[in-house]
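1. sequence and predicted structure, then a few things I'm wondering about:
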Amino acid sequence: MPNPRSPSLLSPAHYDNDAASLRSPSEQDSDSDDDAFLRHPRSTLELSQHDRSVLEDEDELEKLLTRRGPAHGLRRIFSPNGNSVRIGKRERRRARKEARLSRRERVSEEGELMYEMEEGLGDDETSSLMSGSSMDSEGKEDDLYEPPSRPSWRRISFVSVIIAILFLILFLGAYKASSTYRAVHPHIQPLLSNGTSLFAPTTILISLDGFRADFLDRSLTPALNSLVANGVSPQYMTPSFPSVTFPNHFTLVTGLYPESHGVVGNTFWDPDLGEEFYYTHPAVSMQPKWWNAEPLWETAEKQGIKTGIHMWPGSEAHIGIVEPSYVDKYNGSEALPRKVNRVLELLDLPGPEDESDFKPLRPQFIAAYVPDVDKDGHNYGPNSTEIRTTISHADDLVAGIVAGLESRNLTDLVNIVVVSDHGMASTSTERLVQLDDEIDLKLVERIDGWPSRGLRPKQPENMEMLEAQLARLAKKYADAVEVYTRETMPERYHFSNNDRIAPLWVIPRTGWAIVERPEFDVKKALETGEVYHPKGIHGYDHEHPLMRAIFIARGPAFPHKPNSRLEPFQNIEVYNILCDSLGVVPQPNNGTLRLPLKPVGLHSDEHAPPQVRPSDPPELLSATVTAGPSEPTSAATDAPSATEPASNDDTSNDDKGSTWWGTLAGKLEDFKQWAGQLFSAEKDNHPQQR
């Protein structure tokens, strides 16, 4: 029987020499002293004393290792038990050593007891000593392994709040990043093929400046009428006030009233800048400070959609931080066929499937401006032979673009939208008001706009005097003008909430004009038969039938029955329609219409309202305008104007004869010009074959 005191069973030599130890080398080294001590038989008392000395050495070493340092405060915060001891490799090694010593002690005690029982050597003193030593050892172990105190609720709350804040920051960052991505990429745009190329949603916008709605009813526009028959349109579209070119073209691409986007006229004064905007001076008007809104081309470019802008008013002004991909500068003399070629040229550029980094890519939004109808409407009037030719040529332009789409198999892939900005009204020398005969212009610092006249007093105290004079003017020419301040401006005009709008306005009724000397003298013109120019004017009440514009749309964004009829709407709605056709997220605007549009029927329906051609202003509404001018009203005089409207009975025979002869001479001159232009117009009045 082997000696129970022999440590052979507990010695490493008893095991397989080739077996790898599970303890690390550092742990094995630390156990070498213990193994040397246990290699020889020891009594229980010796083992207990050895264990106690080992534990005391460990405690001393622990105190030396856990002295307070600079990071003591941080360890207290993040330590579960609030102590500065770090639970790590050293602690685990110590726990294993204590467990091992405890097992060895129990094995040694059992072996010794068995030996003493067999030999009869056991006594009470030894048992008592061993029992006491065992209890001391257990008490020591209990002290060493006292369970850590539970962390306080304050510490738990603090850590929880920190985690919640970090999570919230991460969540907000992810949401912001995803929102930005959605704004720039609202959705993956579908690509459609025409058989040779892929096309993302594409829209062509054509603006025919000055194209009145009833021009479609003159049997001059087969291409436009075909678009109406195959697309969707209202009977007319209402422009914004004032019904002039620059404000309305900026409204079309922003969806804002002129008072909101800042371009309140073709000419106006900005009191904050101390400068004048004049549309025919591009060095001034094409500065971005005048254009106070984000146009569609900038919105689209920000969202990754390329744009090509051909001579659109404002496109050269470097508005915002993103330019159109393609910009063509204004050229008023450019032939219409060249415009057709330019639009199709942009359409023929490589599409999104082309991976080349060096080729210019196709724009998805193409906007082209056509000034010809407006220009000839001013020069010759909306009812002249010349304007008929120009209307026909504008229709040829539309026909050329439509034919180009058909030849490229793009009829069902590309949207085409044709609009105009306003209509046109005829003028007459007999429908003029000589403003400087009715008010004292010495009190006026500036006159804005045309044909409406915005007055800015030189001094604030002049305001009351000018208001009184304008009140008499409105009463005297009740059929010719309306007078407003910014506060009394009709709400439907949306023309008061901007400092660029003058404080006083004289707004002529449709067909009338307001003139000042020396530009034009009404009395002298009536005596000599001088014809007033321009012969066509717009800028009047935007709801007047002669100011009505057009809107015609066809394409995949307008999947309506052919010849669908919409309720008439104002041009602030066009912006949202264009954005939706392109998949662009619009900027805030005054419009409310969104795609899909909601037709109310067909133009051919029996109950559809009939097409009504608006009446031109009568040649002579009243004899009041033919009266001689009154003396200019003095700034210091509050009395009414000296000259009241004259009746025919008060007119001398000489004046009657002079007026009659002047009118006849003017008619003969008009007939002579018409006859001479008739033959020259016939040469050009041939639609292009496409």
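-> Here it is on my side, so go on. Residues are numbered from 1 along each chain as shown.
2. quick check: end-to-end length of stretch 239-259?
-> 14 Å (C-alpha to C-alpha, to the nearest Å).
3. with stretch 232-252 instead?
-> Stretch 232-252 end-to-end distance (C-alpha to C-alpha) = 18 Å.
4. buried ones in that stretch, by neighbour count?
-> Neighbour counts over stretch 232-252 (16 or more other C-beta atoms under 10 Å) mark 232-252 as buried. Just so you know, the C-beta spots here come from the backbone N, C-alpha and C atoms, and that holds for glycine as well.
5. contact partners for residue 217?
-> 611, 613 (C-beta atoms under 8 Å, 6 or more residues apart in numbering).
6. report pLDDT for residue 253.
-> If you check residue 253, the pLDDT there is 99.
7. for this protein, which spans come out with low pLDDT?
-> Along the chain, segments meeting pLDDT under 70 span 1-48, 62-151, 175-189, 354-358, 619-690.
8. report the residue ranges of every domain in it.
-> 7-151, 192-427+533-620 (automatic domain parsing).
9. so which of these is the most packed in?
-> Looking across the domains of the chain with neighbours counted as mean count of other C-beta atoms under 10 Å, the highest average goes to domain 192-427+533-620: a mean of 20.
10. now distance to residue 475 too, for the domains of the chain, in JSON lines please.
-> Listed next are the domains of the chain as JSON lines, based on distance: least, C-beta to C-beta, whole Å:
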{"stretch": "domain 7-151", "distance to residue 475": "86"}
{"stretch": "domain 192-427+533-620", "distance to residue 475": "19"}
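11. in the one helix or strand residue 524 maps to, what counts as buried?
-> Using DSSP states H and E, residue 524 sits in helix 522-528. Residues of helix 522-528 classed as buried: 522, 525, 526 (neighbour count, 16+ other C-beta under 10 Å).
12. for the second one, list the residues it contacts.
-> Residues near residue 525 by C-beta under 8 Å, 6+ apart: 429, 432, 531, 532, 662.
13. ranges for the strands of the stretch 451-600 of the chain?
-> 453-457, 481-485, 504-508, 513-515, 536-537, 551-554, 564-566, 569-570 (DSSP state E, counting those that start in this stretch).
14. turn those strands into a markdown table, columns for distance to residue 328.
-> Formatted as a markdown table, those follow (distance: least, C-beta to C-beta, whole Å):
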| stretch | distance to residue 328 |
| --- | --- |
| strand 453-457 | 32 |
| strand 481-485 | 39 |
| strand 504-508 | 35 |
| strand 513-515 | 33 |
| strand 536-537 | 27 |
| strand 551-554 | 23 |
| strand 564-566 | 31 |
| strand 569-570 | 28 |
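15. nearest to residue 346, of those strands?
-> Within those, the stretch nearest residue 346 is strand 551-554; the backing value is 18.9 Å (C-beta to C-beta).
16. kindly export the closest one (C-alpha atoms) in PDB.
-> The C-alpha coordinates for strand 551-554 follow below in PDB (Å, rounded to 0.1, in the frame of the first residue of the first chain):
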ATOM      1  CA  PHE A 551     -50.500  75.400 -71.700                       C
ATOM      2  CA  ILE A 552     -50.400  72.200 -73.800                       C
ATOM      3  CA  ALA A 553     -48.800  68.900 -72.600                       C
ATOM      4  CA  ARG A 554     -48.200  65.500 -74.000                       C
END
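17. which strands and helices sit next to it?
-> helix 222-230, strand 232-234, strand 414-419 (3 or more C-beta pairs under 8 Å, 6 or more residues apart in numbering; DSSP states H and E).
18. and the contacts of that strand?
-> Under C-beta under 8 Å, 6+ apart, the answer for strand 551-554 is 224, 227-228, 230-234, 237, 415-419, 566, 569, 571, 574, 577, 597.
19. likewise for stretch 611-618?
-> So stretch 611-618 is contacted by 214, 217, 235, 382-383, 425-426, 428, 431, 510-512, 544-546, 548 (C-beta under 8 Å, 6+ apart).
20. do I have it right that residue 582 meets residue 203?
-> Yes. Applying C-beta atoms under 8 Å, one finds residue 582 in contact with residue 203, separated by 5.6 Å.
21. quick check: neighbours shared by these two?
-> Shared contacts of residue 582 and residue 203, counting by C-beta under 8 Å, 6+ apart, come down to 364, 365.
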